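Visitor: Below are the sequence and a predicted model; questions follow.
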Amino acid sequence: MTPAPTRPGVQGPTVADVGEFGLIAAITAGLAPTASVPVTVGDDCAVLAPTGRLAVSTDSMVEDVHFRRQWSSARDVGRKAVASAMADVVAMGARPLALVVAVVLPPDLPAAWAQELGVGIRQEADLCGAVLAGGDTAGGEKIVVAVTVFGDLEGRTPILRSGARPGQVVAYIGNLGMAEAGLTVLRRGFRSPAAVVNAHRVPAPPYDQGIVAAEAGATAMIDCSDGLVADLRHLAEASGVVIAIETENLAVAEPQQTVAAAIGRADPLDFVLRGGDDHALLATFEPGRVPAGWTVIGGVAAADGDPGVLVDGAPFTATEGWKHF
């Protein structure tokens with residue numbers, strides 16, 4: 001594994017030198033209205049014109065909690081902030097529509113870093129098909145990026161966590177445990193394998209698959225941000241069922257195996273079961289209705305007692321996923 005570099009010094013004007021309005025102008029240059037977002041930056045509010053009901057969510061990233069400047073570029077941070085928020089919209093079966101972003105920036109932060117943050121935000125917004133419609137800036141000791149996202153249900157019924165029913169199957173699409181393996185590498189002062197480090201820096205939610213799942217009849221769905229077992233438990237508890245998965249249906253990627261061997265972890269499958277921050281989609285379907293590209297990993301059963309998750313027929317007892325408190 002390759003050692004990670006320390007954060008290089010950055011020369012040039014700071015955020016305080018450029019000023020709030022200069023920074024906003026640099027980040028929002030060229031933004032134009034669209035049919036679905038007819039009013040964007042420049043007025044007191046953005047105006048949205050969805051064709052159906054709106055799905056709305058907010059997510060925040062705090063420096064040294066969700067990211068470190070030693071590990072991630074400003075562009076990476078901007079992309080990750082949008083991806084982690086917009087994945088929730090996708091998990092409801094909505095089409096990404098717009099986002100507004102509030103940032104807290106230290107006055108001595110290089111202006112170039114803040115501008116690159118904006119580049120990353122706009123880059124990920126373009127990738128998922130959403131419009132940056134506005135935001136806010138403030139000064140503070142740590143960098144904070146708070147993203148509020150809007151999705152258009154386009155007449156569809158939202159897919160909730162509470163719709164899983166006995167007899168259905170559970171499937172996923174996207175990465176599982178790659179970001180956790182990358183975080184493990186970075187914490188030990190390395191920056192390879194590149195595949196897992198990049199997964200930590202910039203997750204890759206399957207943006208188009210929320211609507212695909214909705215059209216296939218998904219009955220429950222969730223963005224896998226806390227970890228596979230932790231998020232399946234959220235589904236199980238909301239639906240009042242037991243979700244049973246088989247580890248033989250879960251793939252462990254070669255870079256995850258490399259990291260596990262390097263750090264002496266006995267089972268690389270642990271990354272897949274517990275690792276969060278990849279923003280895969282987990283959903284339940286009637287048998288035979290699972291869309292192409294999704295992997296079936298188990299099924300749904302009635303809960304004789306408390307709802308929960310079984311892994312290879314037994315309750316999962318290891319520490320689960322990410323928790324803030």
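Guide: Looks like it arrived, so ask away. Since the model is a prediction, treat every value here as computed from it, not as a measurement.

Visitor: Run through the protein and note the low-pLDDT ranges.
Guide: The chain contains residues with pLDDT under 70 at 1-11, 318-325.

Visitor: out of all of them, which strand in it is the longest?
Guide: For the chain, the longest strand by residue count, based on DSSP state E, is strand 95-105.

Visitor: Restricting the selection to alpha carbons, write it to PDB.
Guide: Extracted C-alpha coordinates of strand 95-105, given in PDB (Å, rounded to 0.1, in the frame of the first residue of the first chain):
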ATOM      1  CA  ARG A  95     -35.900  11.700 -10.000                       C
ATOM      2  CA  PRO A  96     -33.200  14.200  -8.800                       C
ATOM      3  CA  LEU A  97     -34.400  17.700  -9.400                       C
ATOM      4  CA  ALA A  98     -32.500  20.400  -7.500                       C
ATOM      5  CA  LEU A  99     -30.300  21.100  -4.500                       C
ATOM      6  CA  VAL A 100     -29.400  24.100  -2.300                       C
ATOM      7  CA  VAL A 101     -26.100  24.100  -0.400                       C
ATOM      8  CA  ALA A 102     -25.100  25.900   2.800                       C
ATOM      9  CA  VAL A 103     -21.400  26.100   3.500                       C
ATOM     10  CA  VAL A 104     -19.400  27.200   6.600                       C
ATOM     11  CA  LEU A 105     -15.900  28.200   5.700                       C
END
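
Visitor: quick one: it to chain centroid distance?
Guide: Relative to its chain's centre, strand 95-105 lies at 14 Å (Cα atoms, centre = their mean, to the nearest Å).

Visitor: which residues does V252 contact?
Guide: When contacts are counted by Cβ atoms under 8 Å, 6 or more residues apart in numbering, V252 touches G177, P268, L269, F271, V272. Yep, even glycine has a C-beta here, placed from its N, CA and C like the rest.

Visitor: Which of the helices or strands spans the residue nearest the centre of the chain?
Guide: Centroid-nearest residue in the chain: S84, 2.7 Å away (criterion: Cα atoms, centre = their mean). For S84, the element it lies in under DSSP states H and E is helix 74-91.

Visitor: where do the helices sit along the stretch 151-300 of the chain?
Guide: Shown for the stretch 151-300 of the chain, the helices assigned by DSSP state H, counting those that start in this stretch span residues 178-187, 194-201, 209-215, 228-239, 254-263, 269-274.

Visitor: and the angle for the fifth one with helix 178-187?
Guide: Translated: helix 254-263. Here the directions of helix 254-263 and helix 178-187 differ by 40 degrees (axes from the mean of the first three to the mean of the last three Cα atoms, to 10 degrees).

Visitor: Who are the packing partners of helix 254-263?
Guide: helix 178-187, helix 194-201, helix 269-274 (3 or more Cβ pairs under 8 Å, 6 or more residues apart in numbering; DSSP states H and E).

Visitor: swap the cut-off to 7 Å and go again
Guide: helix 178-187, helix 194-201 (3 or more Cβ pairs under 7 Å, 6 or more residues apart in numbering; DSSP states H and E).

Visitor: Put the alpha carbons of it into PDB.
Guide: Extracted in PDB, the C-alpha atoms of helix 254-263 (Å, rounded to 0.1, in the frame of the first residue of the first chain):
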ATOM      1  CA  GLU A 254     -10.300  -8.000  -4.600                       C
ATOM      2  CA  PRO A 255      -9.200  -4.700  -3.200                       C
ATOM      3  CA  GLN A 256     -11.200  -5.400   0.000                       C
ATOM      4  CA  GLN A 257      -9.400  -8.700   0.300                       C
ATOM      5  CA  THR A 258      -6.100  -6.900  -0.200                       C
ATOM      6  CA  VAL A 259      -6.800  -4.500   2.600                       C
ATOM      7  CA  ALA A 260      -8.100  -7.200   5.000                       C
ATOM      8  CA  ALA A 261      -4.900  -9.200   4.400                       C
ATOM      9  CA  ALA A 262      -2.700  -6.200   5.000                       C
ATOM     10  CA  ILE A 263      -4.300  -5.200   8.300                       C
END
